[in-house]
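J.: Whatever this is, show me its structure:
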Amino acid sequence: MEMSKALEISARGMEAQTVRLRVIAENLANQDTTGSDPHTDPYRRKTVTFTTELDRATDTPLVKVDKVGVDKTEFPRKYDPSHPAADAEGYVRTPNVNPFVELMDMRAAERSYSANLSVMQVARGMITRALSMLK
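T.: Numbering: from 1, shown residues only. Reported below is the predicted structural model:
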């Protein structure tokens, strides 16, 4: 494999994982954001979908973010009749964000980002050594 292809693949992987980490951070930041009244939805968890794209110039498959969507699961309900968003029964719809799931996704994204960074560093080192041999 050409070193430029390795660098491009790694860079695209890092870009995709950066988007994933930003979405996870947004989900965690909004895990307690409810609606302002009973008819307003609370924050809905966002998800990231990846796809493979072929770079025709280099004939290299690259990962990219296909879309940032929303999780369509039901909102959990919590009994809190004093909350402004409580319904007639006293229940408040809360965001469908599970912090445990988000932290596990964050850990996986960090590991993927780190693996891509390692590949990039190795490729850069190989390029540097090859250039030093040419001197």
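J.: Check the model's average confidence along stretch 31-40 for me.
T.: If you average the pLDDT over stretch 31-40, you get 93.
J.: Mind pulling the model confidence for Met1?
T.: For Met1, the predicted pLDDT is 53.
J.: pretty sure Val63 is in a strand, no?
T.: Yes: per DSSP: H, G, I helix; E, B strand; the rest coil, Val63 lies within a strand segment.
J.: which non-adjacent residue is nearest it?
T.: Ala16 (5.0 Å; Cβ to Cβ, 6 or more residues apart in numbering). C-beta coordinates here come from the backbone N, C-alpha and C atoms, glycine included.
J.: contacting residues for the one you found?
T.: Ala16 sits next to 50, 63-65 when contact means Cβ atoms under 8 Å, 6 or more residues apart in numbering.
J.: In PyMOL, how would I select just the buried ones from these?
T.: In PyMOL, this line selects whichever of those come out buried by 16 or more other Cβ atoms under 10 Å:
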select buried, resi 63+65
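J.: could the contacts of Ala16 be laid out in JSON lines, adding distance to Arg107 and pLDDT?
T.: Converted to JSON lines, the contacts of Ala16 look like this (distance: Cβ to Cβ, whole Å; pLDDT from 0 to 100):
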{"residue": "Phe50", "distance to Arg107": "17", "pLDDT": "97"}
{"residue": "Val63", "distance to Arg107": "19", "pLDDT": "94"}
{"residue": "Lys64", "distance to Arg107": "22", "pLDDT": "94"}
{"residue": "Val65", "distance to Arg107": "19", "pLDDT": "96"}
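J.: tell me which of the contacts of Ala16 is nearest to Val122?
T.: Val63 (18.5 Å; Cβ to Cβ).
J.: Which strands and helices lie in contact with the biggest helix by length in the chain?
T.: Using DSSP state H, we find that the single longest helix of the chain is helix 99-134. Packing partners of helix 99-134 (3 or more Cβ pairs under 8 Å, 6 or more residues apart in numbering; DSSP states H and E): helix 3-29.
J.: Done for today, thanks.
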